[in-house]
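Engineer: any chance you can model this:
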Amino acid sequence: MNKNTICLWYNHDAEDAAHFYARTFPNSKVGTIHRAPTDYPGGQAGHVLVVEFTVCGVPCIGLNGGDAFRHSEAFSFQIATEDQAETDRYWTAIVSNGGAESACGWCRDKWGISWQITPRVLTEAMDQGGDVAKRAFAAMMHMGRIDVAAIEAALRGQP
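Structural biologist: Okay, the predicted model is just below:
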């Protein structure tokens, strides 16, 4: 077991979520699936309790804990993308699989986990600071899915 692992709470479908992430993102996989050894409040022997998985190299576990807690945007995965095609691929995979669009490059999957799909051109512009960062930030504030061409135009000072 890793020294530090992100634990994500799911109602009852951590295994489905883990398989979706493994199909969607590179360097992602489903590991060990732990099942209940006996009946327990809210479940039966053999039900999936915990799923070990990796998302883009980050170790995670999904805990099937029932509906006691909900996710919020206070936690999100940030996925750095190289271009518009990669940005679109991840965004579309999440949203078209029962997820929802949000603002400024954020979306939410059908299990309530938030994702920031962030092209590197935006991050690099923000790192530059000054007028470049201001223009990139202003352009991003009007977007749902990040439009790489619009960010690049903003960097050049074009509306």
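Engineer: use CA for all of it now, contacts and neighbours both
Structural biologist: Will do.
Engineer: tell me how the protein divides into domains.
Structural biologist: Domains of the chain are assigned by automatic domain parsing as 1-69, 70-159.
Engineer: now the shortest one: how far from the chain's centre is it?
Structural biologist: In this case it means domain 1-69. Its chain's C-alpha centre and that of domain 1-69 lie 15 Å apart, by Cα atoms, centre = their mean, to the nearest Å.
Engineer: quick check: end-to-end length of that domain?
Structural biologist: Using Cα to Cα, to the nearest Å, the end-to-end distance of domain 1-69 comes to 25 Å.
Engineer: and if you look at the longest one?
Structural biologist: The first and last residues of domain 70-159 sit 39 Å apart, counting by Cα to Cα.
Engineer: what comes up buried for the longest helix anywhere in the chain?
Structural biologist: When the chain is parsed with DSSP state H, its longest helix is helix 84-96. Neighbour-count burial for helix 84-96 flags 87, 88, 90, 91, 92, 93, 94, 95 (criterion: 16 or more other Cα atoms under 10 Å).
Engineer: quick check: closest non-adjacent residue to the first one.
Structural biologist: With sequence-adjacent residues excluded and distances taken as Cα to Cα, 6 or more residues apart in numbering, residue 87 is closest to residue 81, at 5.7 Å.
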